[in-house]
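Asks: I'll drop the sequence and a predicted model, then ask my questions.
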Amino acid sequence: MSDIQSQIEQERERARAACEEAGSDSSECAVAWDTVEELQAEASHQRSNKKKTSFEEYCDNNPDADECRIYDN
């Protein structure tokens, strides 16, 4: 995960530089920030796809098992 975070930081710096050079209303600036947003979305996607534990898989396969029941208090 740290690899994608470093890529995000690099692209942020490039986006800031592009906006400084070409202006904040330029297409270069917009494209650079779009790249940052795409990388952030990918990082979020990777975080959401974390591997399930054996217990979580067991409960997915056996939702009626006593140890998998969830009670509302």
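Replies: Noted; the coordinates are in hand.

Asks: What about Val36? Give its phi and psi, please.
Replies: When read as degrees, to the nearest 10, the backbone of Val36 gives phi -60, psi -40.

Asks: I figured it hits Arg12, correct?
Replies: Yes: under the criterion of CB atoms under 8 Å, Val36 lies in contact with Arg12, with a separation of 5.6 Å. Heads up, the C-betas are built off the backbone N, CA and C, glycines and all.

Asks: Would you mind telling me which of these two has more residues around it?
Replies: Val36 (19 against 16; other CB atoms under 10 Å).

Asks: For that one, which non-adjacent residue is spatially closest?
Replies: Glu11 (4.7 Å; CB to CB, 6 or more residues apart in numbering).

Asks: Can you tell me the SS state at Gln5?
Replies: helix (DSSP: H, G, I helix; E, B strand; the rest coil).

Asks: Over to Ile70?
Replies: Following three-state DSSP, Ile70 is assigned to coil.

Asks: and it, what pLDDT?
Replies: For Ile70, the model assigns a pLDDT of 83.
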